[in-house]
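K.L.:
generate coordinates for the sequence data below:
(one chain, ligands or ions: 1)
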Amino acid sequence: MAQQLSLQSWAARFQLLPKAELHLHLEGTMEPATVVALAGKYGDLLTEGAVAARYAARDFPAFIEAYKWVTSYLRAPADYALVARRMCEQLLAQNVVYAEITLSVGVMLLRKQDVAANFAAICEAAAPYQHRGLRLQWIFDAVRQFGPAAAWEVARCAADLRGAGVIAFGMGGDELALPAAQFRDVYEYAAAHGLHRLVHAGEIGGPDSVRDAVEILGAERIGHGIASAADPALMPLLAARSIGLELCPTSNLCTGALARHLGRPNAHTDARPDSGNDARLAEHPLPRLFRAGIPISISTDDPAMFGTTLNAEYGALEQMGLSGEEILRISEGAFRGAFLPLEDKMAFVKSFRAQAAPLGLL
Ligand SMILES: [Zn+2]
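P.N.:
A predicted model of the protein is given here:
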């Protein structure tokens, strides 16, 4: 029946479905109005237009710079609480019922902040949304280019707060900066303390970066991993081991990551639309990765910075040529890929299917 739906009708119906999001950075949800408010608190008078201009960066180094800049206004637990509240509102507006939120604890520690106090404020801010049907769990992320010693501190914080809702240890930042082997011990520590293991890999790096994340660090899901499509031996490995890829299509356009993988020579310096180096959604490897049997999910990554929403990402799947039935499988698969007890996952899947059926999507 799904095949009979028109594109518009499908997109409209999808808005109503409950959704899970697995790759979302709290710091990337700061809308320009929020940045203006926080900057004003610290004496910087900004306009929303100025924030939007910073967010309009279209290559990876500029994205990292914008990320550093915007997080510089997160200075106190109350600042994190404000951003968490607004993120929860954004998630509910997308009908997200479950999300795993990444916190850049590596950045908090670099700025000598009290991680436990920040996390307590975030959890307190998010708690009322649980009653409105939004369940959240948390991922503590290290920054790869800060090195192994800093990553150790993040992992220790994650282990300390595991009972308070932290479920995983991850690593983001510049994946080309340092090899995975330098973080092997940190990941072993995280696993020994009951944390799931995540790695941003194969975003701007090649297939070997994904392979190292799996083989050396024991990654259970990969952030991005689009480079996997270039390695015919890697895709079956990911499929056989059920290593999920958290795909963020719009992010890959905005950071120039996709253009890099497509061999556009100047994508690392300027991948803006019409620069001649940009990539298009239709060129994204997502359909190939999905059809190779890899459990994929889709996410927004840093939605405020990339001007996207989860519903827009699902709309992007249609632009990539996926059928309604395939998109539904991807949507349901996000719940299956969650770091939740099996019975909780199945309860979400059951609810998802119950709501999809009357919409004519099953
Ligand atoms: Zn990310």
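K.L.:
residue 22 contacts residue 333, doesn't it?
P.N.:
No. Contact criterion C-beta atoms under 8 Å: residue 22 and residue 333 do not qualify, at 10.0 Å. Using the backbone N, CA and C atoms, a C-beta is placed for each residue, glycine as well.
K.L.:
look at the two and report which has more neighbours.
P.N.:
Counted by other C-beta atoms under 10 Å, residue 22 and residue 333 do not tie: residue 22 has more neighbours, with 25 against 18.
K.L.:
give me the residues contacting the helix or strand hosting that one.
P.N.:
Using DSSP states H and E, residue 22 sits in strand 19-25. Contacts with strand 19-25, where a contact means C-beta atoms under 8 Å, 6 or more residues apart in numbering, come from 87, 91, 94-104, 141, 172, 221, 223, 244, 246, 248, 297, 299-303, 310, 331, 334-335, 337-338, 348.
K.L.:
so which of those residues are also by the ion?
P.N.:
Restricting these to those touching the ion (C-beta under 5 Å from the ion) yields 223, 301.
K.L.:
hang on, the earlier thing: which neighbours do residue 22 and residue 333 have in common?
P.N.:
residue 297.
K.L.:
got the angle between whatever helix or strand residue 317 lives in and strand 19-25?
P.N.:
Using DSSP H and E, the element containing residue 317 is helix 310-319. Per axes from the mean of the first three to the mean of the last three C-alpha atoms, to 10 degrees, the angle that helix 310-319 makes with strand 19-25 is 100 degrees.
K.L.:
for helix 310-319, which positions count as buried?
P.N.:
310-318 (16 or more other C-beta atoms under 10 Å).
K.L.:
my guess is residue 141 contacts residue 172. True?
P.N.:
Yes. Residue 141 lies in contact with residue 172 (C-beta under 8 Å); the separation is 5.1 Å.
K.L.:
so how far is the helix or strand hosting residue 138 from its chain's centroid?
P.N.:
Residue 138 belongs to strand 135-143 when assigned by DSSP H and E. Distance, stretch centre to chain centre, for strand 135-143: 10 Å (C-alpha atoms, centre = their mean, to the nearest Å).
K.L.:
who does the residue of the stretch 251-362 of the chain found nearest the ion bridge with?
P.N.:
Nearest residue of the stretch 251-362 of the chain to the ion: residue 301, at 4.7 Å (C-beta to the ion). Per DSSP bridges, the residues bridged to residue 301 are residue 24.
K.L.:
what pLDDT does residue 66 get?
P.N.:
With respect to pLDDT, residue 66 has a value of 93.
K.L.:
typo on my end, it should be residue 63
P.N.:
pLDDT, residue 63: 88.
K.L.:
mind listing what it touches?
P.N.:
57, 254-255, 305.
K.L.:
export the residues you listed to a markdown table and tack on secondary structure?
P.N.:
Shown next, in a markdown table, are the contacts of residue 63 (DSSP: H, G, I helix; E, B strand; the rest coil):
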| residue | secondary structure |
| --- | --- |
| 57 | coil |
| 254 | helix |
| 255 | coil |
| 305 | helix |
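K.L.:
lovely, talk soon.
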